[in-house]
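Student: Here's my sequence, what's the structure:
(one chain, ligands or ions: 2)
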Amino acid sequence: MNITRKPGGGDGGSGHSDGDSDGGQISADAVWREPAARLLARLVTTPAGLRGAEAEARLAIHGPNDAATVKRTPLWLQFLSRFRNPLVIILLGASGLSAATGDIASFVIIASIVMASMTLDFVQEARAQSAVEALRRSVAVQATVRRDGAPVSVPIDRLVPGDIVELIAGDLVPADARLLESRDLFINQALLTGEPYPAEKHASDKTSGAENPAGAENSAEATNAVFAGTSVISGTATILVCRTGARTALGHLATSLAEKPPATAFAVGVASFGMLIMRLTILMVFFVLVVNISFHRPVLESLMFALALAVGLTPELLPMIVTVTMARSAMGLSRRKVIVKRLSAIHDLGAMDVLCTDKTGTLTEASIKLVRAIDGRGAESASAFAYAFINSHFETGMKSPLDEAILAAHPFDMAGWTKIDEVPFDFERRRISVLVEHDGKRRLIVKGAPEDLLRLSAKYEAADGQELPLDAETRRIFQATLDDLGAQGFRALGIAGHAIASDDQSIAVADESNLVFVGFAVFLDPPKASAGATIQALATAGVSVKVLTGDNELVARHVFKEIGVAVTGVLTGDDLTHLSEEALIAQVSRVNLFCRVNPQQKLRILMALKRLGHVVGYMGDGINDAPALHAADVGISVDGAADVARAAADLILLEHDLSVVREAVVGGRETVQNVSKYVLMGSSSNFGNMFSMAGAALFLPFLPMLPIQILLNNLLYDVSEIAIPFDGVDPEAVALPVKWDITFIERFMLVFGPVSSVFDFLTFYALVALFGAGAPLFQTGWFIESMTTQVLVVFAIRTRRAFFRSKPNGFLVAMALGVVAVAIALPLSPIGQWFGFVAPPPLFFAYLVGATLAYLALVEIVKIFFYRAMARR
Ligand SMILES: Nc1ncnc2c1ncn2[C@@H]1O[C@H](COP(=O)(O)OP(=O)(O)OP(=O)(O)O)[C@@H](O)[C@H]1O
Ligand SMILES: [Mg+2]
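Tutor: Ligands and ions are numbered 1, 2, ... in the order given. Sure thing, here's the model as predicted:
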């Protein structure tokens with residue numbers, strides 16, 4: 001073994017000042033190189049842990065223990081950053097310029113309007129985000145930490161160097177840490193090393209593995225330290241936290257990869273819509289500018305007009321509407337006991353069309369009971385129970401419900417039994433071995449997937465305790481017993497073992513051969529009565545459910561039968577090993593039951609579905625589900641799940657029930673539909689306005705609307721849309737998965753934009769020809785008309801039905817009518833003159849009513865044809 005010390009390190013003493021150069025934390029290699037006692041001293045802590053106050057102080061110095069620490073910008077900075085919008089800056093600049101030439105009033109008004117818009121936007125979004133943040137914190141992964149001398153539960157992002165943490169199987173390792181104590185500790189380090197098999201670790205001042213002969217280091221290989229991002233497979237440990245947050249090995253990975261969550265299809269869709277509008281806006285603003293200047297109109301005024309137009313046309317509320325709509329949906333779901341960890345998962349839920357799930361707890365009650373312990377022929381067997389009990393009692397992995405069922409079945413006297421060693425459970429082998437001693441004799445006891453144990457057995461234990469050869473005929477009988485159990489819906493574990501020489505201290509996987517078969521532990525996990533109906537309801541809603549289980553085919557088939565769901569195709573883990581990716585992709589749609597699949601195979605199935613273009617959800621609670629949960633478009637886990645599963649999930653169900661998933665799916669679809677209402681509103685009225693502005697700029701000798709009027713128009717319009725996230729959605733709009741469809745939006749825009757322009761031009765004509773309008777009246781008239789039509793059209797756009805067949809939300813109605821009332825009242829009031837309005841003649845309002853009604857009627861009619869044509873697409 002080659003434990004080199006750093007030159008000048010001597011006994012690891014005074015030479016090491018490197019720890020302090022790294023933000024006051026221990027250097028990476030010191031975590032495993034230095035003696036534990038010295039690490040404790042350097043971190044000024046003891047095995048009893050830090051005092052609470054000290055931990056708080058260190059947290060302030062070192063920052064949160066979060067590998068991908070995104071520095072949270074203070075609120076006031078977030079607010080200021082909204083002014084970075086170049087359009088807004090230029091606009092404020094230009095109006096400042098015009099203030100210098102005397103027009104101070106309009107500068108004040110422009111500044112106030114810009115301020116009001118930003119505040120409106122900011123407050124909404126900040127409130128939504130803090131609500132969501134609170135939800136996320138409520139399901140944060142916790143660690144057991146010794147503080148003030150006693151173990152307490154603390155969210156892992158609050159850990160600091162010097163903390164003493166207790167780990168048990170299933171826990172995430174919260175930081176880079178040194179082992180102080182360990183028992184049968186096996187760690188899954190796949191995330192850091194790519195190695196899927198558990199790595200064994202020991203508390204010791206000596207280490208091996210971290211330095212390979214080439215001199216390169218891979219600290220994750222150090223056997224006396226554990227690292228953030230890995231997880232405990234089995235055993236227990238007490239650790240000393242040495243490096244936290246971005247300083248962990250994982251943190252280095254995360255920052256070097258600049259890990260950003262991949263943009264979801266929805267986010268990309270929303271962004272591309274923003275770009276579309278942006279391009280059209282720029283085009284249009286240049287056009288207006290060129291026309292104005294070539295007609296020799298005042299340059300500054302023309303520039304302000306163009307800028308106000310640009311500000312008015314950009315869908316600046318879009319991000320806010322998206323966040324607020326999703327946050328609202330997240331709050332709604334939290335009342336149904338679903339916690340949303342990643343906000344954007346909500347629209348992925350809405351688009352999800354395949355849901356993969358494990359069996360236990362979803363299709364079954366997960367109230368597993370041991371009903372019998374039998375030998376291979378089906379007779380009650382005391383030794384089968386005894387061995388099962390001893391195995392479960394001594395195993396230190398995360399106790400599975402099967403273990404709990406065995407231990408709860410009936411008491412068994414463990415006096416005189418001691419444990420020597422263990423080979424922990426993993427989902428490849430699907431079994432646990434313990435080496436135990438009793439009366440000076442040592443024995444290996446294996447418990448696991450019964451068909452595998454039968455395969456690994458050469459003998460069996462007869463009723464009288466004799467060991468007899470397991471010949472072909474007996475093997476057939478035993479297999480028949482097992483098949484019978486499965487067909488009756490019983491789950492089974494096989495029990496086997498053999499004697500081990502009494503000087504053998506340890507066992508390995510290789511010892512799990514030539515076994516003596518003892519019998520079966522037989523469990524009942526009753527099917528969930530409601531599961532069948534929920535799966536049916538999901539299917540009707542366009543979400544097909546596939547079950548991916550580690551259990552065997554007969555048991556799974558029986559559950560399907562009990563809950564009344566047809567098996568449309570089966571693939572087993574063995575089948576999968578023989579299938580190429582292409583072959584799997586060809587078959588995966590047909591199959592709805594995958595049995596005896598390991599974690600990597602669960603992942604493969606998921607990827608195959610994604611490659612077919614499905615939006616795939618995955619629901620599971622075990623360590624074995626974590627890879628698939630990570631890769632899924634929507635990962636769903638439950639509150640009691642293993643840390644790794646909860647950490648990988650986007651959604652946490654506080655109650656393990658498929659029916660809430662169905663509700664969440666509907667919630668997701670409503671969210672997408674409400675966002676698209678905003679987008680459809682914006683695209684049609686903006687596109688229409690562009691036409692109208694361009695036309696007006698060409699034909700009028702004056703500006704069709706003053707810059708401040710455009711900004712006011714924009715502000716009022718934004719206010720009217722605040723209520724959209726609260727609006728209801730027609731049932732048929734959420735009946736099937738909802739995907740973001742940019743071509744649909746483009747077509748909508750191309751059809752409904754010109755419809756609104758037609759009425760603008762009609763109004764222009766009426767104003768000039770009927771009312772003989774000069775600039776002020778024209779601008780006032782158009783302001784009122786465009787406000788009225790573009791606000792009220794929400795009642796037509798919000799539904800595909802005839803507008804009176806779908807009831808809008810009361811808040812939406814109030815906001816829309818309120819804004820229209822303000823737009824009409826303002827020019828009539830004394831305040832109107834600040835904005836350059838004049839009171840229109842009474843006859844204008846008669847025209848307004850007629851034109852608005854005609855416009856809405858036309859939109860309704862065009863809607864019918866439009867959606868008919870879309871349906872034929
Ligand atoms: N505690 C245990 N001791 C021995 N073997 C076990 C234990 N737990 C699970 N196994 C074996 O490993 C197999 C896979 O585990 P498990 O059934 O939990 O997988 P899963 O995919 O999570 O299944 P499910 O879909 O039912 O949740 C089991 O069917 C069983 O054969
Ligand atoms: Mg499971």
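Student: SS state for R178?
Tutor: Of the three states, R178 takes strand under DSSP: H, G, I helix; E, B strand; the rest coil.
Student: Okay, the residue nearest to it when sequence neighbours are not counted and ligand 2: tell me how far apart.
Tutor: Closest residue in space to R178, ignoring its immediate chain neighbours: L240 at 4.7 Å, by Cβ to Cβ, 6 or more residues apart in numbering. (Glycine included, C-beta is placed from N, CA and C.) Going from L240 to ligand 2 by Cβ to the ion, to the nearest Å gives 33 Å.
Student: Repeat that for T549.
Tutor: Look at T549 and ligand 2: by Cβ to the ion, they are 7 Å apart.
Student: What backbone torsions are found at that residue?
Tutor: Main-chain torsions, T549, degrees, to the nearest 10: phi -130, psi 150.
Student: Quick one: name the residues of this structure near ligand 2.
Tutor: 358, 360, 622 (Cβ under 5 Å from the ion).
Student: again, 6 Å this time
Tutor: Contacts of the chain with ligand 2, taken as Cβ under 6 Å from the ion, map to 358, 360, 620-622.
Student: Highest neighbour count among those?
Tutor: Neighbour counts for the residues of the chain next to ligand 2, by other Cβ atoms under 10 Å, peak at G620, which reaches 31 neighbours.
Student: Skipping its backbone neighbours, what lies nearest that one in space?
Tutor: D358 (4.5 Å).
Student: Was I right to think the one you found contacts M619?
Tutor: Yes: counting by Cβ atoms under 8 Å, D358 touches M619, with 7.1 Å between them.
Student: for the record, mean pLDDT for stretch 583-593?
Tutor: Across stretch 583-593, pLDDT averages out at 95.
Student: For V565, see how far away the residue in the stretch 401-550 of the chain positioned nearest to ligand 1 is.
Tutor: Residue nearest to ligand 1 within the stretch 401-550 of the chain: G550 (2.5 Å; Cβ to the nearest ligand atom). G550 sits 19 Å away from V565, going by Cβ to Cβ, to the nearest Å.
Student: Quick check: phi and psi on L355?
Tutor: As for L355, its main-chain torsions (degrees, to the nearest 10) stand at phi -120, psi 120.
Student: Identify the residue nearest it in space, chain neighbours excluded?
Tutor: That would be G617: by Cβ to Cβ, 6+ apart, it lies 4.3 Å from L355.
Student: Just read off the phi/psi values of the residue in the stretch 351-500 of the chain positioned nearest to ligand 2.
Tutor: Using Cβ to the ion, the closest approach of the stretch 351-500 of the chain to ligand 2 is made by D358 at 4.2 Å. Dihedral pair for D358: phi -80, psi 180, per degrees, to the nearest 10.
Student: give me every residue that touches the residue nearest to R178.
Tutor: Applying Cβ atoms under 8 Å, 6 or more residues apart in numbering to L240 gives the contacts 36, 39-40, 43, 45, 162-164, 177-178, 180.
Student: What is the nearest of those to Q790?
Tutor: Proximity of these to Q790 (Cβ to Cβ) peaks at D163, which lies at 57.6 Å.
Student: how close does that closest one get to I156?
Tutor: The separation that D163 has from I156, given Cβ to Cβ, amounts to 10 Å.
Student: give me the low-pLDDT residue ranges for the stretch 301-450 of the chain?
Tutor: For the stretch 301-450 of the chain, the stretches with pLDDT under 70 are 316.
Student: got the residue ranges for the helices in it?
Tutor: Taking DSSP state H, counting those that start in this stretch to define them, one finds helices in the stretch 301-450 of the chain at 318-335, 345-351, 382-394, 401-409, 450-456.
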